[in-house]
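Visitor: show me the folded form of this:
(2 chains)
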Amino acid sequence: MNIYNDFNAFIKTVIEELQSIDKLPPDSLIDNISVDPPRQTTHGDLACNAAMVLAKKLKQDPISIAKVLSERIISHPDVEKVDIAGPGFLNITLKRTVWHDQLRKVLIAGESFGDSEIGRGKSINVEYVSANPTGPLHVGHARGAVFGDVLSSLLAKTGYSVTREYYINDAGAQIDILARSLYWRYCEKLGQENYEKPDGFYPGEYLVDLAAKLVIKDQKHWLDKSESEWLPKLSSYAVDEMMKLIRQDLSDLGVEQSTFISEKSIVESGMVETVLNMLSENGLIYTGVLDPPKGMKPENWEERPQTLFRSTAFGDDIDRPLKKSDDSWTYFASDLAYHLDKYKRGFTNLVNVWGADHGGYIKRVQAGVSALTEGNVKLDVKLCQLVRLLENGEAAKMSKRAGTYVTISELVDSVGRDVVRFIMLTRKNDAQLDFDIIKAQEQSRDNPVFYVQYAHARSCSVVRMAKDAFNDQSFDYKSLQKSDLSLLSGFDELALIKLIALWPRVVEMASEAQEPHRIAFYLNDLASSFHSLWSKVREDESFRFVVTDDLELTQARLSLVCGLRTVISSGLKVLGVEPVEELRG
RNA sequence: GCGCCCGUAGCUCAGCUGGAUAGAGCGUCGGCCUUCUAAGCCGAAUGUCGCAGGUUCGAAUCCUGCCGGGCGCGCCA
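Guide: Numbers count the residues shown, from 1 in each chain, chains lettered A, B, ... in the order given. Predicted coordinates for the structure are as follows:
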């Protein structure tokens, strides 16, 4: 809960009260009523649209409704005054003590200030990264990894029980190619040139390394064996080793997932057959022929009958094949099995984080999931647009096939984990992101993470100065909680407190919208507001935080500084970024 | 051809799920270091919110149709 929600609830009870004594007609719809911080500070602390919403429903003048409401609202102990403005806004100004109390709450609660209960009792499964285990991760994966990780933290902070999951696509044709590529490198290492380079060969250096490892492990054992002998062994060996690489990359990024689900084991468990049977029983499976997509040149297009899922019955554009022409399952079929598996593990809230190139896949999976779970599952798919990696303005290629992509470990090595994580959240997930390695190293205002870190470091610095000046321990959180916060009465000080007090609302809204970037933007605003207050001292000495002849005032101001520090630190924690106490040695 | 995403200041982007006079950063111009850290701050200039309709007290936000850009479209995952 936060102030805005509290007042929203309060105003709704006011309306119900007024209805019960016939001051307002019953059955007025109150769902769309909102209480928000107004854009303009001159409009008070809270803006409520209740009168206008009711006016629409009741076909009455909003101003007169507002008058009736305001008479009741003014009696709330926290309210200083209520203005009726514009087309019928209720602009509520709160007493200063409300804001002082908010700040005290921060000092008492520490980093748990901002925690919320909106997800209490709900579990949610967030699946992210899920890159094919055919090589190390590149920067495109990093975005999804950070996004999924921070979204998970955000959901956890708002009370959800979160499962962070990775789906290992270890069962498809690409894994065979991986094994053949490894085998080719293995032959190469042993000086045998007669094994032909496989189609779709993975050229990356990492397979050279892995082949060398394999030679040490098994020596020439596989050289004169047939593919049917080595393929299964090398496949699982390669997948295991690739997952080690990937987990290392994720760990470098500070991303820890708790659950890894193997596609292969899902398929081997017979879950795909279960899916087919379930859909069949509901008459959703038939054998049919798909039309070629219009507007595309149908090269190599052959009409062929396929086993199709009637996904159009659930809003998809065309029905989707579950079997390939060689009678093996399509990826879609095993993916449905995987989602059924999630359901059987008890999840009804699912979030999938995908690259934007998988956008065309959403409808069919949602169709499949609602068919298999009778609509009991809510599946949200969050698409992350690709990252354009720039280096002095030039775009670096990220093609896994070409083997020239920039890996996560290279990126983390050059700019640092915290910078990577923060910058990945400086854009909404569905907007393209330019990541300039040079700027990210610059450590300037161009680099938002430093701006926020700087505010945090300054807040730490001022506490150190205060301790020096007073030569005692009056500035720990316990002492500050008891300080006289009413001494914080300046316009800028109150503005900063109000921004700090906004934190719980930012957390809740970001969680509900599943938009972790809002945290990064908020932290930027908060840092800006603090830097601004910090610099006020240049025009006016009275803005000094540390007032050497006034312990009480210093404690009050340090309370504000520590409140800010707590919220920044708490926000950075959600982002998985380490707050620093000093930027200069 | 169909589906999804995007179009907001010169550039890169926010815009709190329909609110009041649309905001930041960069860039441009002009100020602030005998300093609680100038990796910072302050001020100025800059807009047909792609276009045209519609919904209503009220639209950058919702609906429809165009224009422009990106992604995807059976036997890849």
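
Visitor: closest point of the stretch 351-500 of chain A to RNA strand B, which residue?
Guide: For the stretch 351-500 of chain A and RNA strand B, the shortest gap (C-beta to the nearest atom of the strand) falls at residue A:360, measuring 2.6 Å. In this view, the C-beta of every residue, glycine as well, is placed from N, C-alpha and C.

Visitor: checking that residue next. Helix, strand or coil?
Guide: With DSSP: H, G, I helix; E, B strand; the rest coil as the basis, residue A:360 sits in helix.

Visitor: could you count how many residues lie near it?
Guide: Residues lying near residue A:360 (other C-beta atoms under 10 Å) number 9.

Visitor: same check, this time on residue A:576
Guide: Neighbours around residue A:576, by other C-beta under 10 Å: 20.

Visitor: any idea what sits nearest it, other than its immediate chain neighbours?
Guide: residue A:254 (4.9 Å; C-beta to C-beta, 6 or more residues apart in numbering).

Visitor: need the contact list for the one you found.
Guide: A:149, A:417, A:421, A:576 (C-beta atoms under 8 Å, 6 or more residues apart in numbering).

Visitor: also residue A:156?
Guide: By C-beta under 8 Å, 6+ apart, the contact set of residue A:156 is residue A:162.

Visitor: tell me the confidence at the residue of the stretch 351-500 of chain A closest to RNA strand B?
Guide: On pLDDT, residue A:360 comes in at 89.

Visitor: returning to what we had before: can you redo the contacts of residue A:254 as CSV, where the extra columns are secondary structure?
Guide: Listed next are the contacts of residue A:254 as CSV, based on three-state DSSP:
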residue, secondary structure
A:149, helix
A:417, helix
A:421, helix
A:576, coil
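
Visitor: how about the residues you listed, which pair is most distant?
Guide: Maximum pairwise distance in the contacts of residue A:254, criterion C-beta to C-beta, is 11.6 Å, between A:149 and A:417.

Visitor: could you look up the SS state of the residue nearest to residue A:576?
Guide: Using three-state DSSP, the structure places residue A:254 in coil.

Visitor: over to residue A:381?
Guide: strand.

Visitor: so it touches residue A:363, yeah?
Guide: No. At 9.6 Å, residue A:381 does not count as touching residue A:363 under the criterion of C-beta atoms under 8 Å.

Visitor: in terms of pLDDT, where does residue A:394 sit?
Guide: Per-residue confidence (pLDDT) for residue A:394: 66.

Visitor: likewise for residue A:24?
Guide: pLDDT at residue A:24 comes out at 71.

Visitor: chain neighbours aside, what residue packs nearest to it?
Guide: Residue A:24's closest residue in space is residue A:18 (C-beta to C-beta, 6+ apart), at 4.3 Å.

Visitor: swap in residue A:261?
Guide: Spatially, and ignoring its direct neighbours in sequence, residue A:261 is nearest to residue A:167 (5.3 Å; C-beta to C-beta, 6+ apart).

Visitor: run me through the strand neighbours of the helix or strand harbouring the one you found, direction for each.
Guide: Using DSSP states H and E, residue A:167 sits in strand A:161-168. Applying DSSP bridges to the sheet, strand A:161-168 is found paired with strand A:123-127 (parallel), strand A:259-262 (parallel).

Visitor: kindly compare burial across these and name the winner.
Guide: For those, the largest average neighbour count (mean count of other C-beta atoms under 10 Å) is found in strand A:123-127, namely a mean of 22.

Visitor: just to revisit the earlier point, I'd guessed the residue nearest to residue A:261 sits against residue A:130; true?
Guide: Yes. Under the criterion of C-beta under 8 Å, residue A:167 makes contact with residue A:130 at 4.2 Å.

Visitor: identify the contacts common to those two.
Guide: Shared contacts of residue A:167 and residue A:130 (C-beta under 8 Å, 6+ apart): none.

Visitor: where does chain A dip in pLDDT?
Guide: By pLDDT under 70, the weakly predicted segments of chain A are A:1, A:25-29, A:297-298, A:392-405, A:584-585.

Visitor: what's the burial count for residue A:369?
Guide: 22.

Visitor: got the contact list for it?
Guide: Applying C-beta under 8 Å, 6+ apart, the residues near residue A:369 are A:336, A:339, A:343, A:350, A:377, A:379.

Visitor: up against RNA strand B, what does the stretch 351-500 of chain A have?
Guide: Contacts of the stretch 351-500 of chain A with RNA strand B, taken as C-beta under 7 Å from any atom of the strand, map to A:356-363, A:383, A:385, A:426-428, A:430-434, A:443-446, A:450-451, A:454, A:457-458, A:460-462, A:465.

Visitor: can you say which of these are buried?
Guide: For those, a burial check counting by 16 or more other C-beta atoms under 10 Å picks out A:361-363, A:383, A:385, A:426-427, A:433, A:443, A:450-451, A:454, A:457-458, A:460, A:462.

Visitor: the most centrally placed residue in chain A: which element?
Guide: Nearest to the geometric centre of chain A sits residue A:151, at 2.8 Å (C-alpha atoms, centre = their mean). Under the criterion of DSSP H and E, residue A:151 resides in helix A:139-157.
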